[in-house]
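>>> Okay, here's the prediction I keep looking at, along with the sequence it came from:
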There are 2 protein chains.
Amino acid sequence: MRIKILGSAAGGGFPQWNCNCRNCESLRAGTFAGKSRTQTQVAISSDDRTWFLLNTSPDLRTQIEATPVLHPQNAGRDSPISAVLLTSGDVDQIAGLLSLRELQPFRVYCTASIQRILQEDNSVFRMLNRAADQVLWTEISSDGNFTLLTMAGKDSGISCAAFSLGARYPAYVSQERTASLKSEDALLGVIVTSSAGGRLAHMPAVPAVDESLLQRLEDADLLLFDGTFWSDDELIRVQGSGSTAREMGHIPVSGAEGSLRKLAGLRRPRKVFVHVNNTNPMLDESGPEYREVRAAGWEVAEDGWGFDL
Amino acid sequence: MRIKILGSAAGGGFPQWNCNCRNCESLRAGTFAGKSRTQTQVAISSDDRTWFLLNTSPDLRTQIEATPVLHPQNAGRDSPISAVLLTSGDVDQIAGLLSLRELQPFRVYCTASIQRILQEDNSVFRMLNRAADQVLWTEISSDGNFTLLTMAGKDSGISCAAFSLGARYPAYVSQERTASLKSEDALLGVIVTSSAGGRLAHMPAVPAVDESLLQRLEDADLLLFDGTFWSDDELIRVQGSGSTAREMGHIPVSGAEGSLRKLAGLRRPRKVFVHVNNTNPMLDESGPEYREVRAAGWEVAEDGWGFDL
């Protein structure tokens, strides 16, 4: 299985348009010891011809153009992208659907609740269903297995196991709407397995880590894990107000209850942080936080990275 | 008045993710005699410190980062962008609002009908009103004058005259919803005047040209005009099916009833095509269509261009 990291930042990207924190300011000044990053986006393939997107970032248009295997291969209108798998309704995971609006057929796999948010509460996504043979919506369970199909309905050789990671819907979903949705549909983790071998665990947003999650992760060859915030109060210190990392549904990297400690016992998977917020000090490769992460056996994903499992 | 062209392509950009037409294919191959373009986006300022966006393209995040005057100037969270003026509800004019979601205060000027589409029919835009002091929505008339205000409520020195250009709402707006909206609110043209001098006419989508429009345009110093399609059946020939330029609300550039002929008598404004579709042959600077446009006194906008009026 081939895995491409098209983007590795959290919502807003790095730098973020309205942020002048130490990271963003020095990156723009050209003095930062680290790289800019677009918003997290992953593409996978088991045959190098048919590709599947894990979520759709707001930066998807430029991310596709930066990735030649995702360019059209045939004359006229065409794309090697067969389907999208959505793991939440967060803006930075769904907004890229609007960049896929040009009458192109593809599948969207998501839970019934996410589909209701997109189709019933947001008319703009009707752009995906203007023609009869455009987007095919496929409901997945928040706790089950399914196979990714090509547009022709063929088994792609990639199967997925989904499980619920939390009950929190995005801030734009009203309390009334949330009450009508299944809580376990809000946020999924997925383990993606190729029949050719190779197992990827993808979870750009993880509110908490328990024993059952650790057991699932021990089966993976590659773990792409929530690296949004270094510390719980990181955003409050930059903005002067706001929510903690945990209130936003992200376990921080550092601290006694952070992901570095919680996942320290994992032996099998290669461990890579994705969805890294612009304020996270581990983006600075000259700093102690980056050294700590690397010393703990983790990597910090960069746009353009690829993995072959 | 300073005017920056952050993007100059039509919806989908150039190249477009799922398009392998002659233009897109040769651009990706590095053999095209012309430039890539992000989706049309214009920013204006009368003092070089406070900036206003004319619509918000899906590429807005990268467009802001490519434009240093739009970067934060003060510590913490900050932006010189004070407001957005929306002239339609088209996806390529509104999707960038989602890139402005990071709790930053700014104003949005739009008609009551566009506001209803965004606020009542699309819950995702609630991200712009999560905090009390975030986005201020300001209703404008489809036929009237208004002044752009800074976030502090100060007169920016830029005034706008809006007028209706058509009654067609985007394809994602249902017939039932359309019946409840004002037809004249669907699509605006704007003439933007700076108290320091200088007058811009901005109209990336123009269904037709009549005498009253020609009279308005003769007052402008700079005209940014709909250059979406060269010919009426351009998209049908590439896709094998679909709509004509006119059915999509765009007067084509060429032909007896095209914009080159219709606007040939304009004397005052500098004439620049924006919102150029990836299929438009005038993007090819080695071709006869480009030569014809240039010979007629028009320019084809490129990303990064600036004008001082």
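Perfect, I can see it now. These numbers were taken from a predicted model, which means no experiment stands behind them.
>>> Close to chain B: what parts of the stretch 201-309 of chain A are there?
Contact residues, the stretch 201-309 of chain A versus chain B (Cβ under 8 Å from any Cβ of the partner chain): A:238, A:239, A:240, A:242. C-beta here means a position set from N, CA and C on the backbone, and glycine is covered the same way.
>>> Buried only: go through the residues you listed for me.
By neighbour count, with 16 or more other Cβ atoms under 10 Å in any protein chain shown, these hold A:238, A:239, A:242 as buried.
>>> Hmm, the first one is touching residue B:75, no?
Right, residue A:238. No - counting by Cβ atoms under 8 Å, residue A:238 stays clear of residue B:75, with 9.6 Å between them.
>>> Which residues lie in contact with residue A:187 in this structure?
A:87, A:88, A:164, A:165, A:166, A:167, A:168, A:205, A:207, A:249 (Cβ atoms under 8 Å, 6 or more residues apart in numbering or on different chains).
>>> for the residue of chain A positioned farthest from its centre, what are its contacts?
The C-alpha centroid of chain A is most remote from residue A:75, which lies 30.8 Å away (Cα atoms, centre = their mean). Applying Cβ under 8 Å, 6+ apart to residue A:75 gives the contacts residue B:20.
>>> quick one, phi/psi of it?
phi -60, psi 160 (degrees, to the nearest 10).
>>> cool, and residue A:300?
Here residue A:300 shows phi and psi, under degrees, to the nearest 10, equal to phi -110, psi 110.
>>> Run a quick neighbour tally on it.
22 (other Cβ atoms under 10 Å in any protein chain shown).
>>> swap in residue A:42?
Using other Cβ under 10 Å, residue A:42 has 25 neighbouring residues.
>>> hang on, it is in a strand, isn't it?
Yes - membership of residue A:42 in a strand is supported by DSSP: H, G, I helix; E, B strand; the rest coil.
>>> what pairs with it across the strands?
residue A:5, residue A:54 (DSSP bridges).
>>> how about the residue of the stretch 151-300 of chain A found nearest chain B, what does it touch?
For the stretch 151-300 of chain A, the residue closest to chain B is residue A:172, as judged by Cβ to the nearest Cβ, at 4.2 Å. Shown in contact with residue A:172 (Cβ under 8 Å, 6+ apart): A:91, B:123, B:124, B:125, B:126, B:127, B:130.
>>> Now it, what are its backbone angles?
phi -80, psi -10.
>>> Could you measure from residue A:266 over to residue A:18?
Counting by Cβ to Cβ, to the nearest Å, the gap from residue A:266 to residue A:18 is 36 Å.
>>> actually residue A:303, not the one I wrote
Plainly put, residue A:303 is 21 Å away from residue A:18 if you go by Cβ to Cβ.
>>> try residue A:207
26 Å.
>>> repeat for residue A:72
From residue A:72 to residue A:18 the distance is 35 Å (Cβ to Cβ).
>>> just residue A:55 next, same as before
23 Å.
>>> of these two, who's got more company?
residue A:55 (27 against 24).
>>> for that one, what are its contacts?
A:40, A:41, A:42, A:84, A:85, A:86, A:87, A:88, A:93, A:94, A:96, A:204.
>>> burial of the second one, as a residue count?
This points to residue A:41. 28.
>>> And residue A:76, by the same measure?
Using other Cβ under 10 Å, residue A:76 is surrounded by 13 other residues.
>>> do residue A:145 as well
Number of residues near residue A:145 (other Cβ under 10 Å) recorded here: 12.
>>> swap in residue A:252?
Neighbour number of residue A:252 under other Cβ under 10 Å is 22.
>>> Per-residue pLDDT of it, please?
We have a pLDDT of 98 for residue A:252.
>>> can you tell me how far it sits from residue A:260?
From residue A:252 across to residue A:260, the span is 9 Å (Cβ to Cβ).
>>> dump the residue contacts of residue A:205.
By Cβ under 8 Å, 6+ apart, the contact list for residue A:205 reads A:87, A:88, A:90, A:165, A:166, A:187, A:226, A:228, A:249, A:250, A:275.
>>> so residue A:280 makes contact with residue A:253?
Yes - the criterion here is Cβ under 8 Å, and residue A:280 meets it with residue A:253 at 7.5 Å.
>>> Need the overlap of contacts for those two.
Common neighbours of residue A:280 and residue A:253 (criterion: Cβ under 8 Å, 6+ apart): A:227, A:229, A:230, A:289.
>>> residues touching the second one, list them.
If you count contacts by Cβ under 8 Å, 6+ apart, residue A:229 has them with A:235, A:245, A:250, A:252, A:253, A:277, A:279, A:280.
>>> Which helix or strand in chain A has the lowest average pLDDT?
helix A:234-239 (a mean of 88; mean pLDDT, DSSP states H and E).
>>> can you pull the buried residues of the next helix or strand after it?
Proceeding N to C from helix A:234-239, the next assigned helix or strand is helix A:259-262, under DSSP states H and E. Of the residues in helix A:259-262, A:259, A:260, A:262 count as buried by neighbour count, 16+ other Cβ under 10 Å.
>>> what's the distance between the nearest residue to residue A:243 once chain neighbours are set aside and residue A:273?
In this structure, residue A:243 finds its nearest non-sequential neighbour in residue A:235, 6.8 Å apart by Cβ to Cβ, 6 or more residues apart in numbering or on different chains. When Cβ to Cβ is applied, the distance between residue A:235 and residue A:273 equals 17 Å.
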